[in-house]
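Student: Sequence and computational prediction follow.
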Amino acid sequence: MANEQDKILDEVTGSEYKYGFVTEIETETIPKGLNEDVVRIISEKKGEPEWMLEFRLKAFRHWQTMEMPDWAHLNIPIIDYQGIIYYAAPKQKPSLNSLDEVDPILKETFDKLGIPLEEQKMLTGVAVDAVMDSTSVKTTFRETLAEQGIIFCSMSEAIREHPDLIKKYLASVVPVTDNFFTALNSAVFSDGSFCYIPKGVRCPMELSTYFRINASNTGQFERTLIVADDESYVSYLEGCTAPMRDENQLHAAVVEIVVHDNAEVKYSTVQNWYPGDKDGKGGIYNFVTKRGICKGKNSKISWTQVETGSAITWKYPSCILLGDNSYGEFYSVAVTNNHQQADTGSKMIHIGKNSRSRIVSKGISAGVSNNSYRGLVKVLKGADNARNFSQCDSLLLGDKCGAHTFPYLEVDNPSAIVEHEATTSKIGEDQIFYCNQRGLSTEDAVGLIINGYAKEVLNKLPMEFAVEAQKLLQISLEGSVG
Amino acid sequence: MLVIKDLHAKINDKEILKGINLEVKPGEVHAIMGPNGSGKSTLASVLTGRELVEVTHGSVTFNGKNVLEMPAEIRSREGIFLSFQYPVEIPGVSMVNFMKAAVNEHRKYRNLEPLSASDFLKLLRERKELVEIDSALTNRSVNEGFSGGEKKKNEIFQMAMLEPKLSILDETDSGLDIDALRVVANGVNKLKTAENATIVITHYQRLLDYIVPDFVHILYNGRIVKSAGKELALELEEKGYDWIKNGN
Ligand SMILES: Nc1ncnc2c1ncn2[C@@H]1O[C@H](COP(=O)(O)OP(=O)(O)OP(=O)(O)O)[C@@H](O)[C@H]1O
Ligand SMILES: [Mg+2]
């Protein structure tokens, strides 16, 4: 019976990564390696003011004193930080028609990724900032959004055009010195998105950023900042893919969210970086720090993530629940297959009175992968009546993969109620056979069962992306199921 | 329609079926009875392609095709349906989506277009009425939290959706209250045509009052040891299995 299970597993988990192509476009790169000069070059290429360069240099100097964290349940090969190219930008041919026009090759690339850059072709109701390697290629619907005072642009532009907002909020949630990767990111970050939703505005469309790594030997260091002023609302989505390469590429991002009184930010991620091949060769190292602060009363942050890609994922989207009655939630599906490793989860820091949080984590492991949930729920002294509920489920496909749960609790207020539930299960041979008996192939059966398992999380995604995410889950596990 | 010849099968090196012979023709109803552990469910598993049972000898053909070479899903699409003795729960997968996927796979196999959402819902409603299944059940996840009886009714509902040529009902009557038993039996009878056939696995004569068999077989220790008309079930009820055991 165990043999049968293995056979089914092998059949179903082993499919190709769909986004592994490379775009042939001339790319401007700087030499490998990292030193103060490189930081200066990046800042100069971005046309940054002096204060930003200072920010970067300070970060760089601090980074040099730090060591890579090793507490995660991950086996991380030594990364040669001098072997990475820290800036790469596709060279766009200047267009005769309009300054706004995107190079057709890039347009085609994003079309292929399902992200058309022409507004009339776009999914209605979604504005996109398309980032390739170190630069933003195009941001759509900017004018429409600007009519309501919403700022949605690349980070590089924001630094030049909205310095007051950037000075006020950048690194206000994730300090430069927070950890090794935030310091590195702060020194060399390339592009990412900036969103500002003014008081009382409900953003009329989904905002999204699509990150694409194209150039080889490069790292991508994105930086995203979302600020929701009082009584505002925005739903933001992030997607990412990369070519198939034998080398490992580093992606170290920082995302910060600030939410004021009665405002709400919904942040969804569909992470599909190249995971490496069946034997564990290549793939993206994904070291990401995402944190939001519910600054105002009744404010709300909702993180939803579908993590299917990357060779290594190290990521803990967190909420600082400072405002009274604030609410944070984290819904996650993390899939690991073949040799992938993921250590991911969330931190909920309760500071405000009556602050509440909810964590729903669904891990799915196949192949010889390792999938860990790591979460911290911390209730500070003043957080009267804080509530947290955490649900951490693991689903194992096969018996060579690992699933681990590391929940940490620090409760400093006796009125707090913190609950944690965890389960581990396997897809049963009986479940697959039941589907087979109704006419479904094993592959479809597994897809159905996985999507059923992850439903609570998938339901949190904006409609337009839920279907994509469902397919992605199935594809990520193709060849591995049982 | 179904021809089983000298079928031997084992689970984990233990021989369970030890030479089964059976022929089922269109329009017929066959009942299989036999003590616990005699191999009834194992026979159903072999016919439907469950891989944990290994066929070591013999042949099974369905409308002339070699069934043993087909993967389980193809057997289903060819028209073999099993109402499970223990229906399986699939959390988070709605009955509606599950059936939609199944119906469309069956259609694809016959080179038919998938049903549109509205046609599918119409079919769903129609079949629900036919087998008198509670509306709410189809909005829930597959068998999740269903009571024992609800699970069995849900099996017959799926049978109604897929319109199989050969239905194998494995103890569909166990766990049903008197009313539910009648509902389920009525459903099965309504789906009965001159072209399709049914194999009813049961321990109780009671079900056979509703679903009247043309033949009754007694499976004992991996073999069919007695076959006769419907009166055999009555005789068995009266005399118990000792009668069979002693007779062998
Ligand atoms: N998965 C399995 N692993 C090991 N043995 C099994 C398995 N499934 C069935 N068996 C064994 O095969 C034999 C026949 O079982 P089967 O379920 O076919 O009996 P049955 O006639 O359907 O009984 P019941 O009337 O109790 O449903 C039993 O001895 C049982 O223990
Ligand atoms: Mg049985």
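Tutor: Done, it's in. Ligands and ions are numbered 1, 2, ... in the order given.
Student: In this structure residue A:353 contacts residue A:384, no?
Tutor: Yes. At 4.7 Å, residue A:353 and residue A:384 qualify as touching, with contact defined as C-beta atoms under 8 Å. (C-beta placed from N, C-alpha, C; glycine too.)
Student: all helices of chain A, in order?
Tutor: A:2-12, A:36-45, A:50-63, A:104-112, A:142-146, A:155-161, A:163-169, A:180-188, A:429-437, A:442-453, A:455-458, A:463-476 (DSSP state H).
Student: Generate a markdown table for those, with distance to residue A:414 and mean pLDDT as supplementary columns.
Tutor: Shown next, in a markdown table, are the helices of chain A (distance: least, C-beta to C-beta, whole Å; pLDDT from 0 to 100):
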| stretch | distance to residue A:414 | mean pLDDT |
| --- | --- | --- |
| helix A:2-12 | 47 | 48 |
| helix A:36-45 | 48 | 92 |
| helix A:50-63 | 38 | 95 |
| helix A:104-112 | 53 | 74 |
| helix A:142-146 | 46 | 84 |
| helix A:155-161 | 43 | 92 |
| helix A:163-169 | 35 | 96 |
| helix A:180-188 | 34 | 95 |
| helix A:429-437 | 44 | 95 |
| helix A:442-453 | 36 | 90 |
| helix A:455-458 | 31 | 88 |
| helix A:463-476 | 40 | 76 |
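Student: Compare the ones you listed and give me the one nearest residue B:227.
Tutor: Ranking the helices of chain A by their distance to residue B:227 (criterion: C-beta to C-beta) puts helix A:429-437 first, at 26.5 Å.
Student: Check whether the closest one comes near ligand 1.
Tutor: No. Residues of helix A:429-437 are not located near ligand 1 by C-beta under 6 Å from any ligand atom, the shortest gap being 9.2 Å.
Student: burial count for residue B:179?
Tutor: Using other C-beta atoms under 10 Å in any protein chain shown, residue B:179 has 10 neighbouring residues.
Student: Residue B:64 too?
Tutor: There are 7 residues near residue B:64, going by other C-beta under 10 Å.
Student: Got the confidence number for it?
Tutor: With respect to pLDDT, residue B:64 scores 95.
Student: Kindly provide the distance from it to residue B:78.
Tutor: Note on residue B:64: its distance to residue B:78, by C-beta to C-beta, to the nearest Å, is 11 Å.
Student: next one: residue B:113
Tutor: Taken as C-beta to C-beta, the span from residue B:113 to residue B:78 is 20 Å.
Student: quick one, which of the two is more surrounded?
Tutor: Relative neighbour count places residue B:78 above the other of residue B:113 and residue B:78, with 18 against 9, counting by other C-beta under 10 Å.
Student: pLDDT weak spots in chain B?
Tutor: Flagging of chain B using pLDDT under 70 yields the residue ranges B:246-248.
Student: which parts of it sit against ligand 2?
Tutor: Counting by C-beta under 5 Å from the ion, chain B comes close to ligand 2 at B:40, B:41, B:85.
Student: Can you check the pLDDT for the closest residue to residue A:280 other than its chain neighbours?
Tutor: Nearest residue to residue A:280, sequence neighbours excluded (C-beta to C-beta, 6 or more residues apart in numbering or on different chains): residue A:339, at 3.0 Å. Residue A:339 is assigned a pLDDT of 89 by the prediction.
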